[in-house]
Every structure is written in structure tokens, then in C-alpha cells.
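Undergrad: Next input, structure requested:
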Amino acid sequence: MRDSFSNYLKTIYEASFTKSITTNKQVATLMGVLPGSVTEAVSNLVAAGLVNRQKYHGISLTATGYQEVCQLMYRYRLCEVWLDQTIHLPLPAIPEQAWLMAAIDNAVLLQQLASKLNQPSRSPFGGKLVLQTFEQASEWQSLETILVGQTIVIESYLENPSTIRYCLHSQIASQQVFKCIGQATDIEMMTLLDSQQRELLISTVVARHIYVSLIADHDTF
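TA: As a prediction, the model looks like this:
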């Protein structure tokens with residue numbers, strides 16, 4: 001079983017992916033725990049030099065904490081690729097099992113696994129195995145922030161069962177191209193149009209955990 005520090009570091013990274021900062025409430029929501037539990041865990045992470053905490057702003061990873069996350073996410077996503085490509089485990093079941101498996105830290109074993117999988121660069125959900133440096137700003141943004149008229153490519157999405165099931169049901173996958181054609185803030189929905197002129201209604205609650213990059217408009221739109 002993964003230690004508590006690893007669980008919290010991974011969740012803080014995921015919660016702050018496009019903003020570099022998050023809150024106890026957001027971490028608690030993703031982990032399904034009480035905010036009080038997060039407060040205590042964050043205090044321990046701050047004491048260990050892995051997390052910064054700023055009053056009225058939120059929590060963020062330190063350079064040391066981010067380096068730990070880079071190692072965690074590489075092992076985790078490498079195991080995701082193995083479970084997908086070799087075991088053919090259903091996608092919603094992959095993250096939990098991969099996270100349990102990612103406790104392995106044998107460098108030789110990891111190198112051999114990566115070699116067997118042809119040195120993958122992305123997980124089945126689009127996440128990169130090798131993360132950008134600590135100094136770099138996020139190269140992607142949340143789908144929730146996209147404006148009407150902008151064209152985007154889906155890069156990745158949060159690796160948890162509910163988000164995976166939502167994307168599978170909506171037929172959203174990495175490298176798909178969409179144009180945002182509507183935002184309805186009163187009902188927290190946005191409308192996307194794909195290259196086949198198919199309209200998709202997407203919950204903005206889920207959209208904040210789908211990560212995209214902007215591209216020039218396609219002729220198909």
C-alpha cells in the first residue's frame with residue numbers, strides 16, 4: 001500500500017496541475033476525505049519541505065516535492081501503460097491498480113518494463129510519463145477555461161474512475177480536436193463541436209479536469 005505522503009503529493013500535483021496551486025478543499029474532494037485530514041497531512045508535508053502553504057492563497061509543491069512527484073508519476077503511468085497494453089484491464093480500473101503497483105522502486109525493473117513497452121511517453125489517459133521541469137509553467141490548460149470560438153486538442157484528463165467513465169461515455173480521447181461553440185454558466189455546461197460536426201455537451205465540473213492545448217482553427221470547422 002502506498003504511504004500517506006505519496007498519496008497526498010500525487011493528489012496535490014493533480015489538483016494544482018494547470019494552476020501550480022490548490023486548496024485543502026480541492027485536495028479533500030479528490031481524495032474523498034475530510035478537510036481536517038488534509039490540514040494535518042499538509043502540515044507534515046510542509047515540515048518535510050515538500051509543500052509550501054500560503055495563508056489565503058493555498059498550497060503548492062516545493063522543488064523537492066515536485067521532484068518526488070516526477071518519480072511517483074513516472075512509475076505510476078508506466079504501470080498504467082503496462083496494465084492497458086499487456087493486461088488489457090478496463091480503463092476505469094487501471095488507475096487504482098497502477099498506483100498500488102507503482103510502489104516498486106527497483107530501477108532495473110523499471111528500465112526493463114519501459115523497454116518492453118517501447119519506452120512509452122504517455123499513459124492511456126494522455127498524461128506524460130516524464131513531467132516538465134519545476135520552473136516551467138503548465139503547457140496545457142483546463143478545458144473549463146476555453147472560450148467560445150476557440151479550437152483545442154484534448155491532451156489528457158484526470159486519472160480517476162469517474163472522469164475516465166465520463167470521457168469514455170462522451171467519446172472524448174487524447175488527441176481529439178474540438179471547437180467550443182457554447183458556454184452555459186447557469187447550468188455549468190459547455191458545448192463542443194468535433195470534426196464530424198457532432199455536438200457534445202460537457203459538464204464544466206468535469207471539464208476542469210480535462211486538459212487541452214489551443215490550436216489554429218481547422219478547415220473542418
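Undergrad: For the rest of this, base every contact and every neighbour count on C-alpha atoms.
TA: Will do.
Undergrad: doesn't residue 181 make contact with residue 194?
TA: No - counting by CA atoms under 8 Å, residue 194 stays clear of residue 181, with 10.2 Å between them.
Undergrad: Mind naming the longest helix for the chain?
TA: Assignment by DSSP state H gives helix 63-82 as the longest helix of the chain.
Undergrad: helices or strands up against that helix?
TA: helix 4-15, helix 94-101, helix 107-116 (3 or more CA pairs under 8 Å, 6 or more residues apart in numbering; DSSP states H and E).
Undergrad: Show me what the shortest one is in contact with.
TA: Think helix 94-101. Outside helix 94-101, the residues within contact range by CA atoms under 8 Å, 6 or more residues apart in numbering are 1-2, 76-77, 79-80, 83-84, 159-161.
Undergrad: in the protein, which spans are strands?
TA: For the chain, the strands defined by DSSP state E occupy 51-54, 58-61, 141-142, 151-157, 177-184, 189-194, 199-203, 210-215.
Undergrad: Let me know the pLDDT of the most centrally placed residue in the chain.
TA: By CA atoms, centre = their mean, the chain has its centre lying nearest to residue 158, at 3.6 Å. Note on residue 158: pLDDT of 97.
Undergrad: residues of stretch 198-218 that come out buried?
TA: 200, 202-204, 206-214 (16 or more other CA atoms under 10 Å).
Undergrad: ugh, typo on my part, it should be stretch 3-18
TA: Within stretch 3-18, the residues scored as buried using 16+ other CA under 10 Å are 6, 8-18.
Undergrad: Kindly export that stretch (C-alpha atoms) in PDB.
TA: Coordinates of each C-alpha in stretch 3-18 appear next as PDB, following Å, rounded to 0.1, in the frame of the first residue of the first chain:
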ATOM      1  CA  ASP A   3       2.400   5.700   2.100                       C
ATOM      2  CA  SER A   4       0.300   8.700   3.000                       C
ATOM      3  CA  PHE A   5       3.000  11.200   1.800                       C
ATOM      4  CA  SER A   6       2.900   9.700  -1.700                       C
ATOM      5  CA  ASN A   7      -0.900   9.800  -1.800                       C
ATOM      6  CA  TYR A   8      -1.100  13.400  -0.800                       C
ATOM      7  CA  LEU A   9       1.800  14.500  -3.100                       C
ATOM      8  CA  LYS A  10       0.200  12.900  -6.100                       C
ATOM      9  CA  THR A  11      -3.200  14.500  -5.300                       C
ATOM     10  CA  ILE A  12      -1.700  17.900  -4.700                       C
ATOM     11  CA  TYR A  13       0.000  17.700  -8.100                       C
ATOM     12  CA  GLU A  14      -3.200  16.600  -9.800                       C
ATOM     13  CA  ALA A  15      -5.300  19.300  -8.100                       C
ATOM     14  CA  SER A  16      -2.800  22.100  -9.000                       C
ATOM     15  CA  PHE A  17      -1.900  20.700 -12.500                       C
ATOM     16  CA  THR A  18      -2.800  23.800 -14.500                       C
END
